[in-house]
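> Sequence and predicted structure below; questions after.
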Amino acid sequence: MILPGAEPFFLPGGPHGVLLIHGFTGLPAEMLLLGQYLQARGFTVLGVRLAGHGTTEEDMSHMVWEDWLDSVRDGLAILGGACEEISVVGHSMGGLLALLIAADYNVSSVIPLAAPIFIAPERGIEFLPPRNVSMGVFIPKARRRLKNVPPAANHTYRTMPLISVHELVDVIEAVKPRLAEVQVPCLIMQGRADHTADPRSAVYIYNHIASTHKEVFWLDEAGHLLPLGSARDACFARAAAFLQAVAAGKFAEANDK
């Protein structure tokens with residue numbers, strides 16, 4: 001059963017579609033404000049729900065990272081039936097999945113938001129127990145108290161299955177060798193005060209993708225929650241400008257060289 005407010009969302013607009021992908025243990029509502037911003041500027045938007053998210057922690061603990069990627073593929077197929085071309089935007093782990101989609105499918109562009117190639121040291125990833133003792137273990141998560149966001153965005157899981165953290169690590173390892181296959185225009189957004197996705201991640205992605213047009217947009221005061229935090233207006237404006245340039249074909253000639 002999907003939690004109230006955790007449903008996928010579809011916002012009809014023009015012929016250029018944008019697929020939005022939320023992050024690890026998150027839900028589509030985290031991307032709703034960005035989706036509404038893009039719809040108001042003429043884009044058709046679909047916010048997907050990753051398998052095992054927006055239901056229960058136990059449900060999530062039974063999912064592997066390929067299930068999450070399949071959720072994105074399903075969204076891509078749905079949006080493809082409504083749009084002539086598609087760009088993909090993902091936050092955190094959703095950004096990693098977006099990069100995998102850009103490596104595998106004929107999308108127009110990709111925007112990873114705070115995608116964690118490196119997990120910040122504060123998260124203590126080095127203390128993650130081995131996979132064989134992580135099954136059935138759940139650790140507490142802090143409650144969100146963000147203001148002026150969709151209510152469901154504050155209703156994320158209160159605990160996190162440790163086995164799913166292993167799946168997150170597996171996503172990172174799956175993305176690294178595939179970055180060289182990303183050739184479409186790419187806008188990498190990263191907060192310098194991010195204590196989840198180490199800011200070095202943005203530089204790594206930039207250096208390893210093969211896109212002719214690629215850029216890193218730094219948000220100096222921003223943390224990890226780019227679609228919900230205090231820097232979201234700047235994040236949204238830059239994303240929209242980039243997507244409008246893609247839709248207008250501004251980067252097409254450079255990317256074909």
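Yes, it's here.

> Show me what counts as buried in the host helix or strand of R238.
Assessed by DSSP states H and E, R238 sits inside helix 232-247. Using 16 or more other CB atoms under 10 Å as the burial criterion, the residues of helix 232-247 that qualify are R232, A234, C235, F236, R238, A239, A240, F242, L243, A245, V246, A247. Every C-beta, even on glycine, is put in place using the N, C-alpha and C of the backbone.

> And for the second one, nearest residue in space, chain neighbours not counted?
Closest residue to A234 apart from its sequence neighbours, by CB to CB, 6 or more residues apart in numbering: L219 at 6.1 Å.

> Hmm, F236 and the one you found touching each other?
No - taking contacts as CB atoms under 8 Å, L219 lies outside contact range of F236: 11.3 Å.

> Let me see the mean pLDDT of the helix holding R238.
For helix 232-247, mean pLDDT rounds to 97.

> Equivalent analysis for stretch 65-74, please.
Taken as a whole, stretch 65-74 carries a mean pLDDT of 98.

> Give me the contacts around it.
Contact with stretch 65-74 is made by 19, 21, 48-52, 88, 93, 97-98, 100-101, 167-168, 170-171, 174, as judged by CB atoms under 8 Å, 6 or more residues apart in numbering.

> Repeat the analysis, applying 6 Å as the threshold.
With contacts defined as CB atoms under 6 Å, 6 or more residues apart in numbering, stretch 65-74 is touched by I21, V48, L50, A51, L97, I101, E167, D170, V171.

> biggest separation within those residues, which pair?
Largest separation among the contacts of stretch 65-74 by CB to CB: V48 and D170, giving 19.6 Å.

> who's more crowded, the two?
Between V48 and D170, V48 has the larger neighbour count (other CB atoms under 10 Å), namely 27 against 14.

> Dihedrals phi and psi, the more buried one?
Per-residue torsions, V48: phi -90, psi 160 (degrees, to the nearest 10).

> who's it bridged to?
I21 (DSSP bridges).

> Compute the distance between it and R73, please.
Distance of V48 to R73, given as CB to CB, to the nearest Å: 9 Å.

> which residues are in contact with both of these two?
What both V48 and R73 touch, as defined by CB under 6 Å, 6+ apart, is an empty set.

> give me phi/psi at V72?
When read as degrees, to the nearest 10, the backbone of V72 gives phi -70, psi -40.

> So it versus W218, what's the distance?
Here the distance between V72 and W218 works out to 26 Å (CB to CB).

> These two - which one has more neighbours?
A direct count of neighbours by other CB under 10 Å for V72 and W218 places V72 higher, at 22 against 12.

> Near the residue nearest to that one when sequence neighbours are not counted, how many other residues are there?
Nearest residue to V72 in three dimensions, chain neighbours excluded: L97, at 5.1 Å (CB to CB, 6+ apart). L97 sits with 29 neighbouring residues when counted by other CB under 10 Å.
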